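> Just to be clear, the model below is a prediction. Sequence and coordinates:
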Amino acid sequence: MRYLVMGSGAIGGTVGAYMARAGEDVAFADKDRGHVEAMRERGLTIEGYRESFTLPVRALQLEELGGLETPPDFLLLAVKAQHTRGALRDAMPAIGPHTAVVSLQNGLNERTIAEICGPERTIGCFVNFSADYLGPGLVHYGSSGALYLGELDGRMTDRLRELGQAFSHFAQVELTDNIWGYLWGKLGYANMLFATALADEKMGDVTRRYPELMVELACEVYDVAGREGVRPEAFDTITPDLYWPREGQDWSRLRPALERMADWQLSSQKTKSGIWRDLKVRHRPTEVREQPGAVLAIGRRHGLELPLTSRLVAMIEEIERGEREMSWQNIDELDTLRKGGHRAAETAR
């Protein structure tokens, strides 16, 4: 099988490097010309929490994609969610009519891919490991995490098994008939991570300080998932069935679960999120419009307003524009909104 990685940074670079090192036929493409040149000249270096290595790889500039002699069997899409359409457009000269597209991204990008390429050529993928692009030819692999693959319609297929075998060079892979459940499950967790990026603090420290806020942020997402007919799935230390539905919450079980999540976040070599890195280090837009923003849009179609998510999106956008500084005060403000909503709900009852 042939694989083409589109977006060879943190996620694509890490997964692709392990696959290539194991002998899989992998080509790497990226819009960052300096990154491509560095991979050509020095190879791709993975600095990992368990091992580090440098690997000679085949790296391509975007304009060279039309020169591939044989279309890849799988296009591994690992760009930021807001660049999905552009990356598919750039990849078109390279892919053939039978190339399957796999989203190694956060959010619901499978919807966009299926719209452009067709659902029959789209494979769902859930990744939850931590990694950062550090510079041309260099990626930091911070900690392991769950990896699930699934057909959008829940079928078990030969191509799914083949892809799972190739990905197993990188991590333990689970095949699922509910890939949407994992994608929505992670969107609930993503709401928490966006909230942790409101302050220049470690994810685990924010989780410990605001457990009720973290749970309610996830619940707003799971409310929308429920309206979409999706059952959010548990992964790593994230347990949606303990959070949602709200009437089933048992804080004698929730608090230890959130402590385990905070411990897991703090044990990683990457103690702050990629969202924080986009804001604080790379000074570029986050995926806030494509993750919580997308949940807002879907929720409103179902008549759900999601007050915490709405405010969170606005605050992250203000930080992006330089109109708000990262601070604990931002999270206090969001938590005050949560408390007000709880009081209003109790009054209504």
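Arrived safely, thanks for sending.

> going forward, measure contacts between C-alpha atoms and count neighbours the same way
Will do.

> out of everything not next to it in sequence, what's closest to the residue most central in space within the chain?
With distances taken as CA atoms, centre = their mean, residue 106 lies nearest the centre of the chain, 2.6 Å away. Sequence neighbours aside, residue 81 is the residue nearest to residue 106 in space, at 6.9 Å (criterion: CA to CA, 6 or more residues apart in numbering).

> My read is that the one you found contacts residue 104, right?
No. If you go by CA atoms under 8 Å, residue 81 and residue 104 don't touch, sitting 9.9 Å apart.

> Return the set of residues that bridge with residue 59.
residue 28 (DSSP bridges).

> burial measure for it, as a count.
Applying other CA atoms under 10 Å, we find 24 residues neighbouring residue 59.

> go on, the one 3 residues further on?
Residues lying near residue 62 (other CA under 10 Å) number 20.

> contacting residues for it?
29-31, 90-91 (CA atoms under 8 Å, 6 or more residues apart in numbering).

> ranges for the helices of the stretch 151-300 of the chain?
Along the stretch 151-300 of the chain, counting by DSSP state H, counting those that start in this stretch, helices occupy 158-167, 179-196, 203-209, 211-227, 240-243, 251-267, 274-280, 292-301.

> Output these in CSV, with distance to residue 119, mean pLDDT and mean neighbour count appended to each entry.
Shown next, in CSV, are these (distance: least, CA to CA, whole Å; pLDDT from 0 to 100; neighbours: other CA atoms under 10 Å):
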stretch, distance to residue 119, mean pLDDT, mean neighbour count
helix 158-167, 14, 97, 16
helix 179-196, 13, 98, 25
helix 203-209, 35, 97, 20
helix 211-227, 20, 98, 22
helix 240-243, 27, 96, 20
helix 251-267, 34, 96, 16
helix 274-280, 29, 95, 20
helix 292-301, 19, 98, 19
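
> For residue 68, find the nearest of these.
helix 158-167 (20.8 Å; CA to CA).

> Show me what that closest one packs onto, helices and strands only.
In terms of contacts (3 or more CA pairs under 8 Å, 6 or more residues apart in numbering; DSSP states H and E), helix 158-167 is packed against helix 10-21, strand 147-151, strand 174-175.

> Pairing partners for the last one, with directions?
Applying DSSP bridges, strand 174-175 is found paired with strand 147-151 (parallel).

> Could you report the pLDDT at residue 268?
If you check residue 268, the pLDDT there is 88.

> so how far is residue 261 from it?
Distance, residue 268 to residue 261, by CA to CA, to the nearest Å: 11 Å.
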